[in-house]
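Asker: 3D, please:
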Amino acid sequence: MRDDVGQLLWIGYSGPVSPALRRRLERGEVGATILFKRNLPLAADPTELCDLDALVELTRDLHRCAPDGTPALIAIDQEGGQVQRVRAPATRWPAMAALDRFAAPEDAALAEAVGRAVGDELAALGLDIDFAPVLDVHTNPANPIIGDRAFGTDAEAAARRALAFARGLDAAGVLACGKHFPGHGDTATDSHLELPRIDHGWDRLERVELLPFQRAAAAGLPMIMTAHVVFAALDPDRPATLSPEVITGLLRGRLGYRGVVVSDDLDMRAIAEHMGAGAAAVAAIRAGCDVVLVCKDEDHQAEAEAALIRGAETDGELRRRIGEAAGRVRVLKQAHAAAWAARPAPRREVVGSAAHLGLARRLAERLASA
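Answerer: Reported below is the predicted structural model:
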C-alpha cells in the first residue's frame with residue numbers, strides 16, 4: 001500500500017535536493033518531482049538565466065528508481081508566455097495566444113512545431129512531463145489566471161491548436177498534460193487565491209468548456225489535470241478536483257477518458273483554505289484522480305501520504321481506488337520509459353537552437369503586429 005500511495009504523490013520541493021528527498025525517491029515514496037523556478041540553478045553568466053549543465057545534473061539526480069524498478073518522473077510547467085520555468089538560454093516562447101493570429105491549417109501546423117520544439121528542449125534537459133497544453137477556452141476577458149495562456153477564444157480553434165501542440169510533445173518523447181478540466185477559461189477569480197465558481201448550464205458547458213477535453217479524451221492524451229473550480233451544473237457543492245460526478249461520472253464515464261487524471265496543486269488556496277491536505281488528497285482519489293500534486297508544503301505532503309495510507313487500511317473501496325490509480329500511473333511510466341529507450345538521446349545543441357529561436361520570433365512578431 002505504501003508503494004501504491006507513493007505512485008500517487010507528485011511533489012515539489014524547496015532548495016537543493018536533500019538527502020531525505022533522495023531516500024524517498026529511492027524507496028518509491030514519491031511518484032514524481034515537479035520543478036519550479038525556485039529549483040532551477042542560476043548561471044554565473046548574467047546573460048543566461050539558467051545553468052543548463054547544472055539542470056541536467058539535477059534531473060539525473062532526481063531520476064531515481066524505486067525498489068520495484070518504477071522510475072520517478074520529473075515534471076515542469078513549460079507553456080510559453082509567463083508560464084515557462086526554463087528560460088534563457090533555452091528558447092523563450094511567446095504566449096500560445098499568438099496562434100490565434102494564424103488561420104487554419106497553418107495554426108495547427110505551427111502549434112505542432114512549437115510543441116515539438118518545446119519537447120525536444122525539455123527531453124534534452126532530462127524532463128519527462130510538460131504540464132501543458134492549456135485546454136481552457138479564454139472566453140472571459142476579466143479572467144485573472146488563464147488569459148493569453150489559452151490557445152484561443154473559440155473552443156474548436158483552441159482544441160485544434162492545443163492538441164497539435166500535444167502531438168509535438170509526444171513526438172519529442174515528452175508526456176503532455178491537458179489542463180484544467182472541466183475548464184478554467186471563464187472564471188473571474190484565481191484558484192491559487194480563492195475557489196472560483198461557474199454557473200453556466202449544461203448546454204453551454206458542452207459547447208464551449210468541455211469540447212477541448214472531449215477531443216483530448218478521443219485523442220488519447222496521456223494526462224489531464226483538474227480544476228479547483230465549482231461547476232454548479234455538475235456538482236454545486238464541490239470543486240471539480242474533489243467531485244466524483246465530475247471526474248468519474250463526466251470525465252471517465254461520459255467522455256470516456258482512459259489516461260491519468262492529475263489533481264491541480266492541493267497547496268492552492270481554493271483547496272487549502274477549505275480543508276486540510278490529507279482530507280483533500282483522500283477526496284481527490286475517491287473522486288477519480290490518479291495523482292495528487294502537493295507542490296511546496298512538506299507538512300502537507302506528509303499529511304496527504306498519511307491520510308491515504310490510514311484511509312486505505314480501514315476502507316476497502318479507497319484501497320481499491322488507490323491500487324487502480326497506482327496501476328494506471330505505472331503503465332504510463334512503463335510506456336514512457338519504453339518510448340525513451342527506443343529513440344536516440346536528444347542532443348543539448350537543440351536547446352535554444354537557431355531554428356527554435358526563429359520559430360519563437362515568428363510567433364512573437366505576429367502577436368506584436370495584431
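
Asker: if you count residues, which helix in this structure comes out on top?
Answerer: The single longest helix within the chain, with elements called by DSSP state H, is helix 316-341.

Asker: What residues sit buried inside the helix or strand following it?
Answerer: Downstream of helix 316-341, the next assigned helix or strand under DSSP states H and E is helix 354-369. Judged by neighbour count (16 or more other Cβ atoms under 10 Å), helix 354-369 contains these buried residues: His356, Leu359, Ala360, Arg362, Leu363, Arg366, Leu367. Where C-beta positions appear, they are placed from N, C-alpha and C, glycine not excepted.

Asker: Kindly report the same for stretch 143-150.
Answerer: Quick answer for stretch 143-150 (16+ other Cβ under 10 Å): Asn143, Ile145, Ile146, Gly147, Asp148, Arg149, Ala150.

Asker: now do stretch 319-335
Answerer: Judged by neighbour count using 16+ other Cβ under 10 Å, the buried positions of stretch 319-335 are Arg319, Arg321, Ile322, Ala325, Ala326, Arg328, Val329, Arg330, Leu332, Lys333.

Asker: May I have the residues that are in contact with the third one?
Answerer: By that I understand Ile322. Going by Cβ atoms under 8 Å, 6 or more residues apart in numbering, Ile322 touches Met1, Asp4, Val5, Leu8, Ile285, Leu308, Ala312.

Asker: same check, this time on the fifth one
Answerer: Under the criterion of Cβ under 8 Å, 6+ apart, the neighbours of Ala326 are Asp3, Asp4, Val5, Gln7, Leu8, Asp290.

Asker: hmm, what's the outermost residue in this protein?
Answerer: Distance from the C-alpha centroid of the chain peaks at Thr314, with 31.2 Å (Cα atoms, centre = their mean).

Asker: what angle separates the longest strand along the chain from helix 316-341?
Answerer: The longest strand of the chain (DSSP state E) is strand 175-181. Going by axes from the mean of the first three to the mean of the last three Cα atoms, to 10 degrees, strand 175-181 is angled at 140 degrees with respect to helix 316-341.

Asker: what's the following helix or strand after strand 175-181?
Answerer: strand 197-198.

Asker: what does that following strand contact?
Answerer: By Cβ under 8 Å, 6+ apart, the residues outside strand 197-198 that reach it are Gly183, Asp186, Thr187, Leu205, Glu209, Val229, Val230, Phe231, Ala232.

Asker: quick one: the second one and Asn143 touch, right?
Answerer: Yes. Under the criterion of Cβ atoms under 8 Å, Asp186 makes contact with Asn143 at 6.9 Å.

Asker: Show me how far the longest strand of the chain is from its chain's centre.
Answerer: Strand 175-181 has its C-alpha centroid displaced from the chain centroid by 5 Å (Cα atoms, centre = their mean, to the nearest Å).

Asker: sorry, back to before: narrow the contacts of Ala326 to those that are buried.
Answerer: Among these, those buried by neighbour count (16+ other Cβ under 10 Å) are Asp4, Val5, Gln7, Leu8, Asp290.

Asker: List the buried residues in the helix or strand of the chain with the lowest mean pLDDT.
Answerer: Taking mean pLDDT, DSSP states H and E as the measure, the chain has helix 269-272 as its least confident helix or strand, at a mean of 77. Buried residues in helix 269-272, counted by 16+ other Cβ under 10 Å: Ala270, Ile271, Ala272.

Asker: Now do the contacts for the most centrally placed residue in the chain.
Answerer: Central residue of the chain (Cα atoms, centre = their mean): Phe131, 2.7 Å from the mean position. Phe131 makes contacts with Ala75, Ile76, Asp77, Gln78, Glu79, Cys177, Lys179, Met225, as judged by Cβ under 8 Å, 6+ apart.

Asker: Show me which of the residues you listed is closest to Pro41.
Answerer: Nearest to Pro41 among the contacts of Phe131: Ile76, at 13.8 Å, using Cβ to Cβ.

Asker: quick one on the thing from earlier: so can I have JSON lines of the buried residues of helix 354-369 showing distance to Gly69?
Answerer: Formatted as JSON lines, the buried residues of helix 354-369 follow (distance: Cβ to Cβ, whole Å):
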{"residue": "His356", "distance to Gly69": "34"}
{"residue": "Leu359", "distance to Gly69": "38"}
{"residue": "Ala360", "distance to Gly69": "38"}
{"residue": "Arg362", "distance to Gly69": "43"}
{"residue": "Leu363", "distance to Gly69": "41"}
{"residue": "Arg366", "distance to Gly69": "47"}
{"residue": "Leu367", "distance to Gly69": "45"}
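
Asker: before we move on, back to that, can you tell me which of the buried residues of stretch 319-335 is nearest Arg27?
Answerer: Among these, Ala326 lies closest to Arg27 (Cβ to Cβ), at 14.9 Å.

Asker: okay, now Val282: neighbour count?
Answerer: When neighbours are defined as other Cβ atoms under 10 Å, Val282 has 24 of them.

Asker: Ala272 versus that one, what's the distance?
Answerer: 15 Å (Cβ to Cβ, to the nearest Å).

Asker: Now the longest strand of the chain - C-alpha only, PDB.
Answerer: C-alpha atoms of strand 175-181 as PDB (Å, rounded to 0.1, in the frame of the first residue of the first chain):
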ATOM      1  CA  LEU A 175       4.300  13.500 -21.800                       C
ATOM      2  CA  ALA A 176       1.600  16.100 -22.300                       C
ATOM      3  CA  CYS A 177      -0.900  17.000 -19.600                       C
ATOM      4  CA  GLY A 178      -4.000  19.000 -20.700                       C
ATOM      5  CA  LYS A 179      -5.500  21.400 -18.200                       C
ATOM      6  CA  HIS A 180      -7.700  22.400 -16.300                       C
ATOM      7  CA  PHE A 181     -10.700  20.100 -16.500                       C
END
